[in-house]
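Peer 1: Predicted model follows, preceded by the sequence.
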Amino acid sequence: MAKSNKKIPQHIGGSKGNLLANRLRSINLEKVMIVPMEIGKSDHKALMADYFGSILKEPFEFHSSQEGILFLHNTISKVSREYQMEEVILGMEATSHYYKKPAASIHELGYNNLFILNPLSTAYCREAGLTWSKTDDIDLRAVGQALLSGYGTIYRPEEPVWENLRQLARFRRFQVKHQTALKNKIHVMLDNLLPGIAELGMFKDSYLWHHASLEFFAKYPDVDLISRLRPPYIVKFFRRRGRRLSPEDGHQLIRWSSQTFNQDSPADSTREMILKSLLSELKQLSENISQLEVKLLGYLVQIPAVLLLSIDYIGPIRASEFAGEITPFDQYPKSRALIKGAGLDPTRFQSTTRESANHHTSGKGSRNLRYISIDIGNALMRHNDYFAFFANRLMERGKSKDCACVAATTRFMRVAFWMIKDQKPFQPPGGLGISKDPLAKIELFLKQRHASDKIEEYVNPVRCLLSNGVNLAKRYFPPKEVH
């Protein structure tokens, strides 16, 4: 009889190994069954073995459906009774989005020992066995080996609000990329139809994309049409659409129309049609993005991550995107695990006689989480007083700007972790970098998107969270970093 009843303060496999060891401690290991699963698009595969690797049931297939999951459950129950197993440990790879439905269904059946494995872990186990082929059966054995080695993390179902936040944030990011592509195409059409108009002061930078400007281009996509207008009419046209111009702006536009290239290309009529179509599509897309952002804020105010608004220069969009990428939040026992999940943890290379001086970040983990975290860190080190002081001090010591940005990012992630975990607002020592009025961010955000009717609905739950704030400066920051 193989039985483990000793308390292990620190497992040889680290925190993940300790997680598996704690679940098997004081259990007869001969009565533990391992069920590795290979997850596919429409069909999955599994095998069953005891804790020591002896196969109890050869690999078999089951469909990716409720019926298939019930077949797996019945098979597990049958083999467990046959071999009198007391504990069942299941494991599967995190294969894109295909594993989520099977994992949720298995968890609902009462399997609390379901582990999720990073595909890199199973790949290393397969290569460690000097197996250069890749089949479903080989992958199953690699999943089982990785599971026994303690490489898995326990499955935790996502809360609907957090999951909706992530899906909506990613969809918004996709729409924003499409919006950027549309603007680039519109810019090309304007350069062909109205060459040089984007250089005028009234259309400089963001003014080019003001809805008044876009309506003007849609109505007057031709130089000849613009040349026939009078300056007072131009000023009046923009004022009616919420944009104030000076009379000089109208005269400048008329002068431009007389000096620009002559437009006599036979393709101009086609370009005008394309421009109007693109402008109509951009208008609709911008409205859709505004509606998405209002819904995004609606999910954010329901979770503690809304407290990130108490950090100066973090708005609803950045807070929502960051919160959406850290779900399920329970998978991170410590802030260090969150940093590692973004691939911003430092690597270390050491031998008996030498250690590398440069500790690069691993670059592994979630690419989306890493992207939004770096974006926030970069903004904070430039605009937030506390993080700017921290980053500038590093650069004064000879660190590069990129190194300071990563350091500021990991600092933010540690702060954000404890803010969300303890449900407390940002309160650093000295009061640097605190947002003066987080609720005003929400109000302004909704007014800009013509959703003022939702202000009270969104502000009230945040007001309750902020009223419970206490100073956690000693937990957030080491004493030596007090400014």
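Peer 2: Thanks, I have the structure now.
Peer 1: OK, contacts around Leu194?
Peer 2: Contact criterion CB atoms under 8 Å, 6 or more residues apart in numbering gives 217, 221, 223, 226, 260 as the residues in contact with Leu194. Heads up, the C-betas are built off the backbone N, CA and C, glycines and all.
Peer 1: And the residues you listed, which two are furthest apart?
Peer 2: The distance between the two most remote of these (CB to CB) is 14.5 Å, for Phe217 and Thr260.
Peer 1: Now do Pro59 against Gln84, distance only.
Peer 2: 22 Å (CB to CB, to the nearest Å).
Peer 1: quick one: the strands in the stretch 1-150 of the chain?
Peer 2: If you assign secondary structure with DSSP state E, counting those that start in this stretch, the strands in the stretch 1-150 of the chain sit at 32-38, 43-50, 55-63, 87-93, 114-117.
Peer 1: between Pro59 and Gln84, who's got more neighbours?
Peer 2: More neighbours surround Pro59 than the other of Pro59 and Gln84, with 17 against 8 (other CB atoms under 10 Å).
Peer 1: which residue sits closest to that one in space, ignoring its chain neighbours?
Peer 2: If the residues on either side of it in the chain are set aside, Pro59 comes closest to Leu47, at 4.4 Å by CB to CB, 6 or more residues apart in numbering.
Peer 1: so what's Phe390 up against?
Peer 2: Taking CB under 8 Å, 6+ apart as the definition of contact, the neighbours of Phe390 are 381, 407-408, 411, 481.
Peer 1: Then His73?
Peer 2: By CB under 8 Å, 6+ apart, the contact list for His73 reads 106, 109.
Peer 1: try it again with 6 Å
Peer 2: Leu109 (CB atoms under 6 Å, 6 or more residues apart in numbering).
Peer 1: Could you do Leu308 as well?
Peer 2: With the criterion set at CB under 6 Å, 6+ apart, Leu308 makes contact with 314, 319, 416.
Peer 1: repeat that for 10 Å
Peer 2: Listed by CB atoms under 10 Å, 6 or more residues apart in numbering, the contact set of Leu308 reads 300, 314-316, 318-320, 322-323, 376, 412, 415-416, 419-420, 425-426, 435, 438.
Peer 1: Identify the residue nearest the residue minimising distance to the centre of the chain in space, chain neighbours excluded?
Peer 2: Using CA atoms, centre = their mean, the residue of the chain that lies closest to the mean C-alpha position is Glu325, 3.3 Å off. Among residues not flanking Glu325 along the chain, Leu369 sits closest, at 4.0 Å (CB to CB, 6+ apart).
Peer 1: what about the one you found, which helix or strand?
Peer 2: In this assignment (DSSP states H and E), Leu369 forms part of helix 367-383.
Peer 1: buried residues in that helix?
Peer 2: Of the residues in helix 367-383, 368-370, 372-374, 376-381 count as buried by neighbour count, 16 or more other CB atoms under 10 Å.
Peer 1: Any figure for the gap between Ile311 and Tyr155?
Peer 2: Relative to Tyr155, Ile311 is positioned 32 Å away (CB to CB).
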